[in-house]
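Engineer: coords please:
(one chain, ligands or ions: 3)
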Amino acid sequence: MALDNLVTSVATKLMAATSATSAQVSQDVLADLVASFGVDFSFLRYNDHAIRATKLIAEWPPRPDVPDPDPLGVVYFADADPIFAAAETAKEPVFFSPEPVPDDSDDSDDYQRRVQEASGVALPSLASVPLLSGDITTGALGFIKIGIKDWSAEELNALLAIASLFAQVQARVVAEDQLRYLAEHDDLTGLHNRRALLAHLDERLTAGSPGPVSALFLDLDRLKAINDYLGHHAGDWFIQAFAERLSEETGEGDLIARLGGDEFVVVPAGPTDADAALALAHRLQAVLRDRVTIGGEMLTRTVSAGVALGVPGRDTTSDLLRRADQAVLNAKNAGGNKIAVFTDEMSLKSEFRNDIELHLQNVIDAGTLILHYLPEVDMRTGEILATEALVRWQHPTRGLLLPDSFINVAESINLAGELGRWVMRAACSEFSGWQARGIAKDAIIRINVSPVQLVTDGFVESVADTIAEFKLDAKSVCLEITESVVVQDIETTRITLAGLKDVGVQVAIDDFGTGYSVLTHLKSLPVDTLKIDKGFVFDLGTNPEDLAIVRAIIALAEAFNLELVAEGVESPTAALTLLQHGCHRAQGFLLSRPIPGPAMADLFTKKVIPVDFSSAKRI
Ligand code: C2E
Ligand code: CA
Ligand code: CA
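Structural biologist: Ligands and ions are numbered 1, 2, ... in the order given. Next up is the predicted model:
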């Protein structure tokens, strides 16, 4: 091949090389060079200045029986022979060739000839052309010929051109590797990032790979508090210290990734069963739990861990991570600093949740939400004083679902507002229909409001609009809010409640007694009614502690001049006990289950639910 063509063909091949293919492409090019220059052997080496060594990248032809480790693989300049050593900083090609030996020579210089004669082996000539990037020598392209090799001026020019092509590929590969490093690692900690974790798990979970593959999901407890109280620098420092400790404690080949925030995933190298994964989680938890001092504050660093297993060929990466995530959630919910292993029960739960999430999106348009009503009666007379609208979802495959299984899912995917507006309109519409028929005239419709709704802009206006649209007397509508939300954001709540008062609706505090914390605000909030949480009512009459609490709530309601409703009256004993202590408004399964709208209308027509507590045990 003419030299011009050779350089062009080398350029074409090297141009196509990537980080992944560069070694193979380089080897192919070396084979061409060996043939074109008529040499016996050729090699490509890169310098690693960080460790002062030269590394073999490609060679041609391949050496037979390369020992492991290859003595030519990594050669440190410090203990290399002069030709290798020169490659550290050489800027110009270096040539070495055996001297032509005169036949009549008999002085001690004829060493080479004597060696050749004695061994029958010719000594090699060598050419080493530096790869340069600016004034840094980044590697060497080498050629060896057994015997004499003269390089013509054209050949030399071609060599220089080819060496510069190799240097370009090298620079590109380094840049590409750097880019990949950045793309696969987390800035703050230098650990792998989510993308790298996903790629690793995809590979580990391909069918035929050794399994099971385990994943440990670690979640730092209380990071939010550190960020909030000590600032983000402290939080970052905390995360870095944690990452360092994690790296120290895991083995080589284990993958550690930070998913962002305070979430880390460890994937042990090789197959790991549940026991081994759990043992590792315990070990990590033990070493990660220690005291750290940040800004003069001693903090205890604890971590919650979730363990899950995946079977290659059966489970996907997202299956495995979802399970580990679910497990760590359980560990956190159990109070933190705990370890949980993913179980089938969790699996059912998360499957259910996913399904709900999927279908809930269009449930509101599809008209599959319905309201049931729970009557509230005066237990002295049986008169129906109010009714509470309770939402249900007629699910396509799972039957009639109760709100506990979908309300919080709706909140987590930002559907609470839409769902709440639907409930508000549906309840007001049906209630106004009853009043138009002349029933439920003095009754109250109670509507549950989710915490998210309460702090949403425009909530008060939408309540006012709905009441106006259905021409209801605002006093006959009561919104129920839970105790926890009142306390969480007391200022917003205060403003919203004041707005609702202006509209004229009533407000009840639901599940009262479960938090106690609202007590301090009771006097200053415009609240009309307390609903005693059913947890205190179920066993009333047999449980003295519950009775003490209920009596305290009754006293409180009297002191603040609030209406009081007991929820969850299931037994005549509970009903009688409430009556004895002065609470006569109640709802509960003893009086009625939640019923569909038409059944509620029938009850309103009758006006009373017959009450008879004669079977009750007196205490
Ligand atoms: P809640 O507001 O405390 O509603 C009372 C719940 O207690 C209802 O459950 C009712 O069926 C149940 N209950 C009533 N009496 C008894 C009894 O004697 N024994 C027992 N074991 N249970 C009784 P449900 O319908 O499953 O509702 C659960 C919760 O879901 C409600 O608790 C409320 O917080 C929420 N919810 C219901 N409807 C809505 C709604 O439209 N919007 C919002 N945001 N939340 C709603
Ligand atoms: Ca309620
Ligand atoms: Ca309640």
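Engineer: Quick one, grab the pLDDT at whatever residue of the stretch 251-400 of the chain ends up closest to ligand 2.
Structural biologist: With CB to the ion, the shortest gap between the stretch 251-400 of the chain and ligand 2 falls at Glu388, namely 5.6 Å. (Each C-beta comes from the backbone N, C-alpha and C, glycine too.) Confidence at Glu388, expressed as pLDDT, is 98.
Engineer: How about Ala86?
Structural biologist: Looking at Ala86, its pLDDT reads 83.
Engineer: what's the closest non-adjacent residue to it?
Structural biologist: Val94 (5.4 Å; CB to CB, 6 or more residues apart in numbering).
Engineer: so where does the residue of the stretch 251-400 of the chain closest to ligand 2 fall, helix or strand?
Structural biologist: For Glu388, the host element (DSSP states H and E) is strand 384-395.
Engineer: Packing partners of that strand?
Structural biologist: For strand 384-395, the elements it packs on are strand 369-378, strand 399-401, helix 416-436, strand 444-448, helix 597-606, judged by 3 or more CB pairs under 8 Å, 6 or more residues apart in numbering; DSSP states H and E.
Engineer: hmm, back to that, the residue nearest to Ala86 contacts Thr137, correct?
Structural biologist: No: Val94 is not in contact with Thr137 according to CB atoms under 8 Å; the separation is 11.2 Å.
Engineer: Neighbour count for these two, which is higher?
Structural biologist: For Val94 versus Thr137, the count of surrounding residues by other CB atoms under 10 Å is larger for Thr137: 20 against 16.
Engineer: Deepest-packed of the helices and strands packed on strand 384-395, please.
Structural biologist: Among those, ranked by average contacts under mean count of other CB atoms under 10 Å, first place goes to strand 444-448 (a mean of 23).
Engineer: For the residue nearest to Leu205 when sequence neighbours are not counted, give me its contacts.
Structural biologist: Nearest non-adjacent residue to Leu205, counting by CB to CB, 6+ apart: Pro312, 5.0 Å away. Pro312 is in contact with 204-213, counting by CB atoms under 8 Å, 6 or more residues apart in numbering.
Engineer: for Asn227, same thing?
Structural biologist: Residues in contact with Asn227 (CB under 8 Å, 6+ apart) are 234-235.
Engineer: That one is in what secondary structure piece?
Structural biologist: Using DSSP H and E, the element containing Asn227 is helix 223-230.
Engineer: Can you give me the buried ones in that helix?
Structural biologist: By neighbour count with 16 or more other CB atoms under 10 Å, helix 223-230 contains the buried residues 223, 226-227, 230.
Engineer: residues near Ala23, how many?
Structural biologist: Burial of Ala23, expressed as a neighbour count using other CB under 10 Å, amounts to 14.
Engineer: What score does the closest residue to Thr387 other than its chain neighbours have for pLDDT?
Structural biologist: Leaving aside its chain neighbours, Thr387 sits nearest to Tyr373 (4.5 Å; criterion: CB to CB, 6+ apart). As summarised for this prediction, Tyr373 has a pLDDT of 98.
Engineer: Touching, Tyr373 and Gln587? I think so.
Structural biologist: No: using CB under 8 Å, Tyr373 is not in contact with Gln587, being 10.2 Å away.
Engineer: who touches both of those two?
Structural biologist: Residues touching both Tyr373 and Gln587 (CB under 8 Å, 6+ apart) are Glu388.
Engineer: What's opposite the residue nearest to Ala86 in the beta bridge?
Structural biologist: In this entry, Val94 is beta-bridged to Ser128, by DSSP bridges.
Engineer: I'd like a version of the helices and strands packed on strand 384-395 in a markdown table, one that adds distance to Asp65 as further columns.
Structural biologist: As requested, these are exported to a markdown table (distance: least, CB to CB, whole Å):
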| stretch | distance to Asp65 |
| --- | --- |
| strand 369-378 | 76 |
| strand 399-401 | 70 |
| helix 416-436 | 71 |
| strand 444-448 | 80 |
| helix 597-606 | 88 |
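Engineer: between the ones you listed, which one is nearest to Ala86?
Structural biologist: Between Ala86 and the helices and strands packed on strand 384-395, the shortest gap by CB to CB is with helix 416-436, which sits at 73.3 Å.
Engineer: quick one: the residue lying closest to Val455 once chain neighbours are set aside from Ile444, how far?
Structural biologist: With sequence-adjacent residues excluded and distances taken as CB to CB, 6+ apart, Val455 is closest to Thr492, at 5.0 Å. For Thr492, the distance to Ile444 (CB to CB, to the nearest Å) stands at 25 Å.
Engineer: per-residue confidence at Trp442?
Structural biologist: For residue 442 the amino acid is Asp, not Trp. Per-residue pLDDT puts Asp442 at 96.
Engineer: What of Asp254?
Structural biologist: 95.
Engineer: Tell me which residues touch Gly270, please.
Structural biologist: For Gly270, the contact set (CB under 8 Å, 6+ apart) comprises 210, 253.
Engineer: Could you pull up phi and psi at it?
Structural biologist: Note on Gly270: its backbone torsions stand at phi 70, psi 170 [degrees, to the nearest 10].
Engineer: How many neighbouring residues does the closest residue to ligand 2 within the stretch 51-200 of the chain have?
Structural biologist: In the stretch 51-200 of the chain, the residue that lies nearest ligand 2 is Arg194 (40.7 Å; CB to the ion). Counted with other CB under 10 Å, the neighbours of Arg194 add up to 16.
Engineer: That one - nearest residue in space that isn't next to it in sequence?
Structural biologist: Take Arg194 and drop its neighbours on the chain: the residue closest to it by CB to CB, 6+ apart is Leu259, 5.1 Å away.
Engineer: so who does that neighbour touch?
Structural biologist: For Leu259, the contacting residues are 193-194, 197, 265, by CB under 8 Å, 6+ apart.
Engineer: tell me which of those residues is nearest to Asp186?
Structural biologist: Out of these, the member with the shortest distance to Asp186 (by CB to CB) is Asn193, at 4.6 Å.
Engineer: Contacts only, for the spatially closest residue to that closest one that is not a sequence neighbour.
Structural biologist: Computed as CB to CB, 6+ apart, the closest residue to Asn193 that is not its neighbour in sequence is Asp186, at 4.6 Å. By CB under 8 Å, 6+ apart, the contact list for Asp186 reads 192-193, 257-258, 260.
Engineer: Restricting to those, which residues neighbour ligand 3?
Structural biologist: Restricting the contacts of Asp186 to those near ligand 3 by CB under 5 Å from the ion leaves nothing, as none qualifies.
Engineer: What about the residue nearest to Pro396 when sequence neighbours are not counted, how many residues nearby?
Structural biologist: Leaving aside its sequence neighbours, Pro396 sits nearest to His359 (CB to CB, 6+ apart; 6.9 Å). By other CB under 10 Å, the residues close to His359 number 19.
Engineer: Helix or strand: which one has His359?
Structural biologist: Using DSSP H and E, the element containing His359 is helix 344-360.
Engineer: chain center to that helix, what's the gap?
Structural biologist: Centroid separation for helix 344-360 versus its chain: 17 Å, with CA atoms, centre = their mean, to the nearest Å.
Engineer: got the angle for that helix vs strand 384-395?
Structural biologist: 100 degrees (axes from the mean of the first three to the mean of the last three CA atoms, to 10 degrees).
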